[in-house]
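Novice: sequence first, predicted coordinates after that:
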Amino acid sequence: MKRTHYCGQIGSAQIDQKVTIMGWVQKRRDHGGVIFTDIRDRSGLVQVVFNPNLDDDAFAKANQLRSEFVIAIEGIVEARPDGNINPDLSTGEIEIKCVDLRILDVAKTPPIQVEDDLDVGEDLRLKYRYLDLRRPKMQKIMGLRHQIMKTVRDYLDNNNFWEIETPILTKSTPEGARDYLVPSRIKQGRFFALPQSPQIFKQLLMASGMDRYYQIARCFRDEDLRANRQPEFTQIDLEMSFITREDVLEITEGLMRKVFSLVDIEVPEEIPVLTYDEAMARFGSDKPDLRFAMELIDISGLVAASDFKIFSGTIANGGQVKGIKFKGGADLSRSQVDELEEHVKLFKAKGLAWMAFKEDGLKSPVAKFLSDQELELIKEKMKADTGDLLLFVADKPAIVAAALGNLRLKIAKDNNLIPDDTYKFAWIIDFPLLEFDENAERFVAKHHPFTSPIAADIDILDEKPTEVRADAYDFVLNGEELGGGSIRINNRQLQEKVFDALNMSKVEQEEKFGFLLDAFEYGAPPHGGIAFGFDRLMMIAAGTDSIRDVIAFPKTQRATSPLTDAPSEVDPVQLKELGININKED
RNA sequence: GGAGGUGUAGCGUAGCGGUUUAACGCGCCGGCCUGUCAAGCCGGAGAUCGCGAGUUCAAAUCUCGUCUCCUCCGCCA
């Protein structure tokens, strides 16, 4: 028996034809004298009818059929009798009268039913992922994932990019995320690291004259998981020689246009470009969600001389006071406002000052500390009307941004202020090159240590390191960072200078990155690139809020696989070969 | 590392100190049924209430601990 059609492809065009389909039993409806079954494959469902008039054997066998049996059906396509057309099914105009049934494999009753809109715990879905993936919804996502991947490849191929693989077993480097390590058997006591990204290799490929490279690359970071973060994830990674930032942005926008057109999302001709400083000032985030306004307003100038010490004192100590306006939020209950205050405290804010402009006047626990004039100026600056609620945080700029930026998102989500089916793209540029890490007590690279400073800022690298801007750019959609990249350093002197600024010793520079520094001495072209979080792209394309929905075999929040039970203990012989002893804590 | 939520038949839930013999829906098993597609009707099986301590005459229900899964903070160049 050889399959002639996919289930979902059969329609009126095949009427009277003999077809052979293969797939899974979705459902059996036994009417005693006639049995209906829905057969499912990747393409959809089709109804098969078993009738003793047609074939006694097949009819008898059909009694044994159960959900998820794998079967082959040979039959004649017929139009359904009048009144029996099912408009909900793409194949609903026809049915297949079975003349031969073969059971290819039987199935136990599945622990989770294979159907969309089944509310089932995610741990079970992951344990029986092969059943979960049979659901049409999941099949659609995996098909879309393939389509997008193919689109990416086609687009980059058309733009002269070569797909080149880079090592999975590579070298642990400082900076960045925690590495996944792989012990070496040949060199005991030494370890490979799985790549956090192909960053250094793609730069070496530029030094190798490959001109344009891309890879749909698996990356590994041993950090805690989130709804949009997996320890093992996929990037669209690309790099170009002899280009400037504008070239990378242009190529990227073209790529995004192709990809999003697959899901009918329009990428505008002009994508807004915000500097990092502007994004932080207006939205309190370097990945602002531009689908709604509620921008942060700086009222520091209005309250610097105020008698309200929480405001004026903070400003005197180099801090600031900013606020957001929750339109129509004045009638929030006290406990609802308390909840908002709890939220900003998550981001280290000490408190949340508020002013509610109610019908019967201003209500605010801080009003009594402010003069009438100050209150009036604040109201004016914030453009507050009756019914509005103003919320203020006074603190260091970084805390104000984090607190209000996240409060803004929470209010918008909780109150449905974010329009559906709206896609707001943005480029964020001019990131700081360095930021001070309080724990490490040194500067760390905001992007990565191979990012080039903007040419004009190179001179101040020594005196004012925090003011140096990086020639880096992030691609943001709906408050999600989809991709980021930069123009890279391509000469040894500047690269060493940046390593120096990161407090990396010459010895360490040589040990960890000597091969890259060497490469820069043999003629490396100016180059730059970008990497996209493919899974996050998929989340948006598939309209899901969990990264696990777009990965065939994802891991749980504890970075384990319920399906395979990885990570698992290994045979002591394996450990011995690797020269590894396990210290079991108590 | 921290905060919050969660766990009761195969699945989703209800019950939240004692009239419960732990209920309901889906699924499963058997019977009837020749036009169903959320098939229908009749009957049935299936649960040491995550695990471990404790309080109590009595614990699915209260307390503590622990584990799982989820969300978030830290972390993620």
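Specialist: Received it, and whenever you're ready, just let me know what you need.

Novice: any idea how far A:Ile96 is from RNA strand B?
Specialist: As judged by CB to the nearest atom of the strand, to the nearest Å, A:Ile96 and RNA strand B stand 10 Å apart. Where you see a C-beta, it was placed from the backbone N, CA and C, and this is true even at glycine.

Novice: before we move on, what about A:Ile458?
Specialist: For A:Ile458, the distance to RNA strand B - CB to the nearest atom of the strand - is 19 Å.

Novice: what does A:Asp277 give?
Specialist: Taken as CB to the nearest atom of the strand, the span from A:Asp277 to RNA strand B is 18 Å.

Novice: next one, pLDDT for that residue please.
Specialist: On pLDDT, A:Asp277 comes in at 95.

Novice: any idea what sits nearest it, other than its immediate chain neighbours?
Specialist: Nearest-residue entry for A:Asp277: A:Asp430, 7.1 Å, with adjacent residues in sequence omitted and distances by CB to CB, 6 or more residues apart in numbering.

Novice: can you pull the contacts of the one you found?
Specialist: A:Thr275, A:Tyr276, A:Asp277, A:Ile454, A:Arg469, A:Ala470, A:Ala472 (CB atoms under 8 Å, 6 or more residues apart in numbering).

Novice: for stretch A:428-448, buried residues please.
Specialist: Of all the residues in stretch A:428-448, those buried under the rule 16 or more other CB atoms under 10 Å are A:428-434, A:443-448.

Novice: pull the residues that contact stretch A:32-44.
Specialist: A:6-9, A:21-29, A:45-52, A:59, A:62-63, A:65, A:71, A:73, A:89-91, A:95, A:114, A:134, A:136, A:139, A:143.

Novice: roughly how far does the closest residue to RNA strand B within the stretch 251-400 of chain A sit from A:Leu409?
Specialist: Residue nearest to RNA strand B within the stretch 251-400 of chain A (CB to the nearest atom of the strand): A:Leu346, separated by 5.0 Å. Per CB to CB, to the nearest Å, A:Leu346 is found 12 Å from A:Leu409.

Novice: so for the two, which sits in the more crowded spot?
Specialist: A:Leu409 (21 against 12; other CB atoms under 10 Å).

Novice: got the residues of the stretch 401-550 of chain A near RNA strand B?
Specialist: Neighbours of RNA strand B within the stretch 401-550 of chain A, by CB under 7 Å from any atom of the strand: A:Ala402, A:Asn406, A:Asn439, A:Val444, A:Ala445, A:Lys446, A:His447, A:His448, A:Pro449, A:Ser546, A:Arg548.

Novice: who does the helix or strand where the fourth one lies touch, helix- and strand-wise?
Specialist: When secondary structure is defined by DSSP states H and E, A:Val444 falls within strand A:442-445. Under the contact criterion of 3 or more CB pairs under 8 Å, 6 or more residues apart in numbering; DSSP states H and E, strand A:442-445 touches strand A:434-437.

Novice: what's the spacing between the strand it packs on and its chain's center?
Specialist: Relative to its parent chain, strand A:434-437 has a centroid offset of 25 Å by CA atoms, centre = their mean, to the nearest Å.

Novice: which stretches of chain A have low pLDDT?
Specialist: Counting by pLDDT under 70, chain A has low-confidence residues at A:584-586.

Novice: any idea which element the closest residue to RNA strand B within the stretch 451-586 of chain A lies in?
Specialist: Closest residue of the stretch 451-586 of chain A to RNA strand B, CB to the nearest atom of the strand: A:Gln557 (2.8 Å). A:Gln557 belongs to no helix or strand when assigned by DSSP H and E.

Novice: secondary structure class for the residue of the stretch 301-450 of chain A found nearest RNA strand B?
Specialist: Closest contact between the stretch 301-450 of chain A and RNA strand B, by CB to the nearest atom of the strand, is at A:His448 (2.9 Å). Recorded secondary structure, A:His448: coil (DSSP: H, G, I helix; E, B strand; the rest coil).

Novice: residue contacts, it?
Specialist: By CB under 8 Å, 6+ apart, the neighbours of A:His448 are A:Glu175, A:Gly176, A:Gln199, A:Ser486.

Novice: okay, the residues you listed in CSV with neighbour count next?
Specialist: Listed next are these as CSV, based on neighbours: other CB atoms under 10 Å:
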residue, neighbour count
A:Glu175, 15
A:Gly176, 15
A:Gln199, 23
A:Ser486, 25
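
Novice: can you redo the residues you listed as TSV with secondary structure?
Specialist: Putting those into TSV (three-state DSSP) gives the following:
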residue	secondary structure
A:Glu175	coil
A:Gly176	coil
A:Gln199	helix
A:Ser486	strand
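
Novice: neighbours of A:Pro167, just the number please.
Specialist: Counted with other CB under 10 Å, A:Pro167 comes out at 11.

Novice: wait, doesn't it sit right on A:Lys202?
Specialist: No. In this structure A:Pro167 lies outside contact range of A:Lys202 using CB atoms under 8 Å: 11.8 Å.

Novice: the strands in the stretch 351-500 of chain A, which residues?
Specialist: Applying DSSP state E, counting those that start in this stretch to the stretch 351-500 of chain A gives strands spanning A:353-358, A:361-363, A:389-395, A:425-429, A:434-437, A:442-445, A:472-477, A:480-487.

Novice: now render those as a markdown table, adding distance to A:Met149.
Specialist: Shown next, in a markdown table, are the strands of the stretch 351-500 of chain A (distance: least, CB to CB, whole Å):
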| stretch | distance to A:Met149 |
| --- | --- |
| strand A:353-358 | 48 |
| strand A:361-363 | 55 |
| strand A:389-395 | 43 |
| strand A:425-429 | 21 |
| strand A:434-437 | 34 |
| strand A:442-445 | 30 |
| strand A:472-477 | 18 |
| strand A:480-487 | 15 |
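
Novice: nearest residue to the residue of the stretch 251-400 of chain A closest to RNA strand B other than its sequence neighbours?
Specialist: A:Leu346 sits nearest to A:Asn406 (CB to CB, 6+ apart), 7.4 Å away.

Novice: okay, now the one you found: neighbour count?
Specialist: The number of residues packed near A:Asn406 is 17, by other CB under 10 Å.

Novice: which helix of chain A spans the most residues?
Specialist: Criterion DSSP state H: the longest helix present in chain A is helix A:136-158.

Novice: pretty sure A:Leu249 is in contact with A:Trp427, am I right?
Specialist: Yes. At 6.4 Å, A:Leu249 counts as touching A:Trp427 under the criterion of CB under 8 Å.

Novice: A:Pro174: what's it in contact with?
Specialist: Here A:Pro174 is in contact with A:Met504, A:Glu508, A:Lys512 (CB under 8 Å, 6+ apart).

Novice: give me that answer again for 7 Å
Specialist: If you count contacts by CB atoms under 7 Å, 6 or more residues apart in numbering, A:Pro174 has them with A:Lys512.

Novice: next: the one 5 residues further on.
Specialist: When the contact criterion is CB under 7 Å, 6+ apart, the partners of A:Asp179 are A:Ser172, A:Ala193, A:Leu194, A:Gln196, A:Asp222.

Novice: and the stretch 201-350 of chain A, which residues reach RNA strand B?
Specialist: With CB under 7 Å from any atom of the strand as the criterion, the stretch 201-350 of chain A comes near RNA strand B at residues A:Arg221, A:Glu223, A:Asp224, A:Leu225, A:Arg226, A:Ala227, A:Asn228, A:Arg229, A:Leu346, A:Phe347.
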